[in-house]
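Visitor: quick one, fold the following:
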Amino acid sequence: MADSRDAASQLPLEPVPEDGRVASLGALLFTAAEPIPLGVLAGQLGCSQSVVREALTEVDAHLHRLGLMVQWCDAERIQLATAPALAPLVQRFLGLERTVRLSQAALETLAIVAYRQPVTRPEVEAIRGVDSTAVVQNLVARGFIEAVGRAASVGNPVQYATTPEFLRFFGLRGFHELPPPPDGLRPNGSSSR
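Guide: Predicted coordinates:
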């Protein structure tokens, strides 16, 4: 059964006038239950992806005043998120306590995955120098990383990448906000994230 959003994105639409793009993007981001691909937004507005990127900058400026932000989940998917500075207020309002503590091993593994994604567990272990099976499983269970494919090498090992939850947890708008990687963690050439 087709997703109604997929069906709606197939319909020919009248382009949204330039003066209505910011409001339209805000409405789409607000109503979306999950990250929206840039191409879907462009299709809904009847304009190019580069025009949508420009309009998203303006949307983000407006959202900032509301305690919200545009969060890039990867190079092509966007969602609306709460500004990281307001996390304590929102957590208190919702009755949540930030009890998630990450071990040194988990932080090391997350850094490797973030900078080298997609990356396999054996590649993580080659950098860390220790077995990382349990750490990888724990990060998958917590929703910080996910399987995104298989490497075209012996045994076809699972490749992992970070998730939008990783960005939310660390209060990042997108991967461009990561600090420069240490020498041992130069990004893979194939990564577009």
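Visitor: check contacts around the residue nearest to the spatial centre of the chain.
Guide: When Cα atoms, centre = their mean is applied to the chain, the residue found nearest the centroid is C73 (1.9 Å). With contacts defined as Cβ atoms under 8 Å, 6 or more residues apart in numbering, the neighbours of C73 are 35, 79, 163-164, 167, 174. Yep, even glycine has a C-beta here, placed from its N, CA and C like the rest.
Visitor: swap in L25?
Guide: With Cβ under 8 Å, 6+ apart, L25 has these contacts: 41, 45, 52, 55-56, 59.
Visitor: now it: how far from V52?
Guide: Distance, L25 to V52, using Cβ to Cβ, to the nearest Å: 7 Å.
Visitor: give me the common contacts of those two.
Guide: 41, 45.
Visitor: pretty sure Q49 contacts G43?
Guide: No: using Cβ atoms under 8 Å, Q49 is not in contact with G43; the gap is 9.5 Å.
Visitor: quick one, strands of this structure?
Guide: Here the chain has its strands, by DSSP state E, at 36-37, 68-72, 77-82, 119-120, 145-150, 158-162.
Visitor: winner for burial among the ones you listed?
Guide: For the strands of the chain, the largest average neighbour count (mean count of other Cβ atoms under 10 Å) is found in strand 119-120, namely a mean of 24.
Visitor: which helices and strands sit right next to that strand?
Guide: strand 158-162 (3 or more Cβ pairs under 8 Å, 6 or more residues apart in numbering; DSSP states H and E).
Visitor: grab the nearest non-local neighbour of V130.
Guide: The spatially closest residue to V130, leaving aside those adjacent along the chain, is A105, at 7.8 Å (Cβ to Cβ, 6 or more residues apart in numbering).
Visitor: that neighbour: neighbour count?
Guide: By other Cβ atoms under 10 Å, 15 other residues sit near A105.
Visitor: quick one: residues contacting it.
Guide: 128, 130, 132, 135.
Visitor: again, 10 Å this time
Guide: Each residue near A105 by Cβ atoms under 10 Å, 6 or more residues apart in numbering is listed here: 128, 130, 132, 134-135, 138-139.
Visitor: just the pLDDT at it, thanks.
Guide: On the pLDDT scale, A105 is placed at 93.
Visitor: I78 too?
Guide: Here the pLDDT value assigned to I78 is 91.
Visitor: so R150 touches R121, yeah?
Guide: No: proximity of R150 to R121 does not meet the contact threshold set by Cβ atoms under 10 Å, at 11.7 Å.
Visitor: next, show the common contact partners of those two.
Guide: Shared contacts of R150 and R121, defined by Cβ under 10 Å, 6+ apart, are found at 157-159.
Visitor: picking that back up, out of the strands of the chain, nearest to R101?
Guide: strand 145-150 (17.0 Å; Cβ to Cβ).
Visitor: C-alpha coordinates for the closest one, CSV please?
Guide: Output in CSV follows, covering the C-alpha atoms of strand 145-150 (Å, rounded to 0.1, in the frame of the first residue of the first chain):
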residue,chain,number,x,y,z
ILE,A,145,23.4,4.1,14.8
GLU,A,146,21.7,1.8,12.3
ALA,A,147,22.5,-0.7,9.6
VAL,A,148,22.5,1.0,6.2
GLY,A,149,23.8,-1.7,3.9
ARG,A,150,26.5,-4.3,3.4
